[in-house]
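Asker: Next come a sequence and a model predicted from it.
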Amino acid sequence: MKDPLIIGNKKFLSRFILGSGKFSLDMTAKVMEASGAEIATIAIRRANQDGEGNILDYIPENLILLPNTSGARNADEAVRLGRLARELGCGDFIKVEVIKDSKYLLPDNYETIKATKLLYDEGFIPMVYMMPDLNVAKDLEKSGAEAVMPLAAPIGSNKGLLTKDFIKILVNEINVPIIVDAGIGSPSQACEAMEIGVDAIMANTAIATANDIVQMAKAFKLAIEAGRYAYIAGLGRILNFKAQASSPLTGFLD
Amino acid sequence: MEFINSDIMDKVHDELKNFNPNDYNKRDVENTLSKESLDINDFAVLLSLAAEDFIEEMAYKSKIETSKHFGNSISLFTPLYISNHCENSCTYCGFNLQNKIKRGSLSFEEIENELKAISKTGLQDILLLTGESKLTSLDYIGEAIKLASGYFNLVGLEIYPVDVDDYKYLHLCGADYVCTYQETYNKKQYKKFHLNGPKSNYEYRFNSQERAIKGGMRKVAFGSLLGLGDFRSDAFATGLHGHYIQRKYPQSEISFSFLRLRPFIHQNFEYGMDVSEKQLLQIILAQRLFMPFTDITVSTRENSKFRNGVVGIGVNRISAGVSVGVGGHEGNLKGDEQFDIQDGRSVKEIKNFLYKKGLQPVFNNHVYL
């Protein structure tokens, strides 16, 4: 099935984006391979150029790097981290994250829109972490976002698609790819998100906290593919209502 | 000494007044452990005497929370004491004014030599420490920070409390985080242990973190020296202090350190209020469960067996290659140690231990912005 995901004019066959900050660095290559991912996110704040444990040294070369601006508390800091990512040779993709709450790590939509515009103007391809809100998503599109990344549940919570109805609205109304990020805890939840028409899944904690990280990466890969097939095939109708009245309500049409 | 209008000290002391570690029973602990997120009352429950019997259950839950928030990452850092001159008389501290020890402050050249030697170990996060003295002026500390920024990505400070504008200056020099430990939140005991010197001003010290945040610091650390007062009450107050600061300044990152008293040179009295390892662990776990997203550090005041055990189940940040005398990473000590350390392992040894445990040592976890 040729069904590429297109972000910023680049085609991807995998619809799984993998985070890298929560498991041992020497596992990275194996996990990435099992996941089939073509994009790996890295936190720029974890880069340690010419030093030890530099996350950039562990991502296989064939993968597209998606550096994130984690650590940024406002638009200006996100731009500075974006520039730093570019200096480190991470390319033009940037995952915009602006968070000014150290407890829940919820995105600040307002500063995120500003950061997206600024980064887009500097030639970046912004993929934007956000609270699923239609107005914000539209503003992000206008500001140059090449993908929006709504959260499914609080980050690290593994709770699944708690914001399902709001993400569905984005699926209906937004033109750029929608990538569910944060909160997906199991392959079945990833599959469920793909079934409703989301374009891709980003996960980290769910894999990093599994007993067997490599197997779990593979499980997610398969579940995401299954969900995508189901969405394209069109889910069967589920009848949860039945005409019951003895004289039909629409009888007057006869 | 600058006065800032803050209600946090009153809030902490109001809660502290109602806290009695004997007030809770087994059922309270079971209820708290079955909850997903904990409030102040739950924190009190986990610090109670009754919760001591649930240490294994607490450890299990705490390990899950730690890994949810940090994966298997453990951040590494080391302290560098640049001076032990001090005009305070804190009776539990080796640097106290009355103690006849070898005193010294590093020259800028000596600081640079130390920094070079430490940076060779691969560390990227350095904590600069001083006592409180006119010999370690703001300008001196500022210059030390600038030097440190040339060798390290992250520079933290454990110095005497200063005003907002001073923190602003130190931040501009390149410092990113500030540790100020209140030692004890029992005002009467505080007075007893801090006889003279600027540190005897309880309130000015209490508001340090808030002034540091107003001065632009990214992270602030809280801590107490367990055993100066009732240790459960001090742990409770330390956690609440961080909790209220985080609520008021949600963008700030919060860190905790719970320290036990250690012998120092010429110590001529017994402390008499011992805290067991199990009790220290209980405090670390209670803090992790109350605020799962914060840093928790364990000091070299603890031995390697304890540090090895607690890292990853509650602690996510650990010092390595530690000297608590002035200098000592390159050449001889220029001043005596603050206390007697228990875990003198090198960075390499700590790193190897972490790898063996399946944990990932992290050298750089932030960018100075």
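Answerer: All right, it came through fine.
Asker: Enumerate every residue touching the residue of chain A found nearest chain B.
Answerer: Nearest residue of chain A to chain B (CB to the nearest CB) works out as residue A:22 at 2.5 Å. Quick note: C-beta positions are derived from backbone N, CA and C, even for glycine. Contact analysis of residue A:22 by CB atoms under 8 Å, 6 or more residues apart in numbering or on different chains lists A:204, A:205, A:208, A:209, B:67, B:70, B:71, B:72, B:73.
Asker: Next, it: secondary structure please.
Answerer: The assignment at residue A:22 comes out as coil when based on DSSP: H, G, I helix; E, B strand; the rest coil.
Asker: burial count for the closest residue to it other than its chain neighbours?
Answerer: Leaving aside its chain neighbours, residue A:22 sits nearest to residue B:71 (2.5 Å; criterion: CB to CB, 6 or more residues apart in numbering or on different chains). Counted with other CB atoms under 10 Å in any protein chain shown, the neighbours of residue B:71 add up to 24.
Asker: would you turn the contacts of residue A:22 into TSV with distance to residue A:223 and pLDDT?
Answerer: Output for the contacts of residue A:22, formatted as TSV (distance: CB to CB, whole Å; pLDDT from 0 to 100):
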residue	distance to residue A:223	pLDDT
A:204	16	89
A:205	16	87
A:208	17	87
A:209	17	86
B:67	22	91
B:70	26	92
B:71	21	89
B:72	24	91
B:73	26	93
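Asker: Filter those down to the buried ones.
Answerer: Listed as buried from the contacts of residue A:22 are A:204, A:205, A:208, A:209, B:67, B:70, B:71, B:72, B:73; burial here means 16 or more other CB atoms under 10 Å in any protein chain shown.
Asker: Please list all residues in contact with the fifth one.
Answerer: When the contact criterion is CB under 8 Å, 6+ apart, the partners of residue B:67 are A:22, A:208, A:209, B:312.
Asker: now swap in the last one and tell me
Answerer: Counting by CB under 8 Å, 6+ apart, residue B:73 touches A:21, A:22, B:316, B:359, B:360, B:362, B:365.
Asker: and which of those is nearest to residue A:77?
Answerer: Of all those, residue A:77 sits closest to residue B:365, with 15.6 Å by CB to CB.
Asker: Pretty sure that closest one sits against residue A:45.
Answerer: Yes: counting by CB atoms under 8 Å, residue A:45 is a contact partner of residue B:365 at 6.1 Å.
Asker: contacting residues for the residue of chain B found nearest chain A?
Answerer: Nearest residue of chain B to chain A: residue B:71, at 2.5 Å (CB to the nearest CB). Contacts for residue B:71 (CB under 8 Å, 6+ apart) come out as A:21, A:22, A:23, A:204, A:205, A:208, A:209, B:360.
Asker: Redo the residues you listed as CSV? Include distance to residue A:114.
Answerer: Shown next, in CSV, are these (distance: CB to CB, whole Å):
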residue, distance to residue A:114
A:21, 25
A:22, 29
A:23, 33
A:204, 26
A:205, 28
A:208, 31
A:209, 33
B:360, 34
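Asker: now what about stretch B:20-36, what contacts it?
Answerer: B:38, B:42, B:44-51, B:53-54, B:57-58, B:61, B:230, B:232-233.
Asker: er, stretch B:330-338 actually
Answerer: Stretch B:330-338 has contacts (CB under 8 Å, 6+ apart) with B:81, B:83-85, B:93-95, B:101-106, B:110, B:113-114, B:116-117, B:264-265, B:323-328.
Asker: can you tell me if whichever strand or helix holds residue B:245 touches chain A.
Answerer: In this assignment (DSSP states H and E), residue B:245 forms part of helix B:231-248. Yes: remark: helix B:231-248 sits within contact range of chain A at residue B:246, by CB under 8 Å from any CB of the partner chain.
Asker: shaky segments in the chain?
Answerer: Going with chain A. Along chain A, the model assigns pLDDT under 70 to residues A:1, A:237-246.
Asker: that's the other chain; I wanted chain B
Answerer: Across chain B (using pLDDT under 70), the flagged ranges come out as B:269, B:271-272.
Asker: how about the residue most central in space within it, secondary structure?
Answerer: Centroid-nearest residue in chain B: residue B:257, 3.7 Å away (criterion: CA atoms, centre = their mean). At residue B:257 the chain is in strand, as set by three-state DSSP.
Asker: who's it bridged to?
Answerer: When bridges are called by DSSP bridges, residue B:257 pairs up with residue B:223, residue B:297.
Asker: isn't it right up against residue B:183?
Answerer: No: taking contacts as CB under 8 Å, residue B:257 lies outside contact range of residue B:183: 11.5 Å.
Asker: which residue ranges form the helices in chain A?
Answerer: Applying DSSP state H to chain A gives helices spanning A:28-35, A:75-87, A:109-121, A:134-142, A:164-173, A:187-195, A:205-208, A:213-233.
Asker: can you list these in TSV and add distance to chain B?
Answerer: Below are the helices of chain A laid out as TSV (distance: least, CB to the nearest CB, whole Å):
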stretch	distance to chain B
helix A:28-35	10
helix A:75-87	5
helix A:109-121	11
helix A:134-142	20
helix A:164-173	20
helix A:187-195	16
helix A:205-208	5
helix A:213-233	10
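Asker: Which parts of the stretch 1-150 of chain B are helices?
Answerer: Ranges of helices in the stretch 1-150 of chain B, per DSSP state H, counting those that start in this stretch, are B:8-17, B:26-33, B:40-46, B:55-70, B:108-119, B:138-151.
Asker: Deepest-packed of those, please.
Answerer: Neighbour counts averaged per stretch over these are highest for helix B:40-46, at a mean of 22; criterion: mean count of other CB atoms under 10 Å in any protein chain shown.
Asker: Now do that helix: which elements does it pack against?
Answerer: helix B:26-33, helix B:231-248, helix B:277-290 (3 or more CB pairs under 8 Å, 6 or more residues apart in numbering or on different chains; DSSP states H and E).
Asker: What angle do helix B:8-17 and the second one make with each other?
Answerer: Interaxial angle, helix B:231-248 versus helix B:8-17 (axes from the mean of the first three to the mean of the last three CA atoms, to 10 degrees): 140 degrees.
Asker: Can you tell me the closest non-neighbouring residue to residue 228?
Answerer: As the question left the chain open, I've gone with chain A. Using CB to CB, 6+ apart and skipping residues adjacent in sequence, the residue nearest residue A:228 is residue A:194, 5.0 Å away.
Asker: wrong one, chain B
Answerer: Among residues not flanking residue B:228 along the chain, residue B:184 sits closest, at 3.9 Å (CB to CB, 6+ apart).
Asker: so how far is residue B:48 from the one you found?
Answerer: Going from residue B:184 to residue B:48 by CB to CB, to the nearest Å gives 19 Å.
Asker: what about the two, which has more around it?
Answerer: Neighbour count, other CB under 10 Å: between residue B:184 and residue B:48, residue B:184 has more, with 27 against 24.
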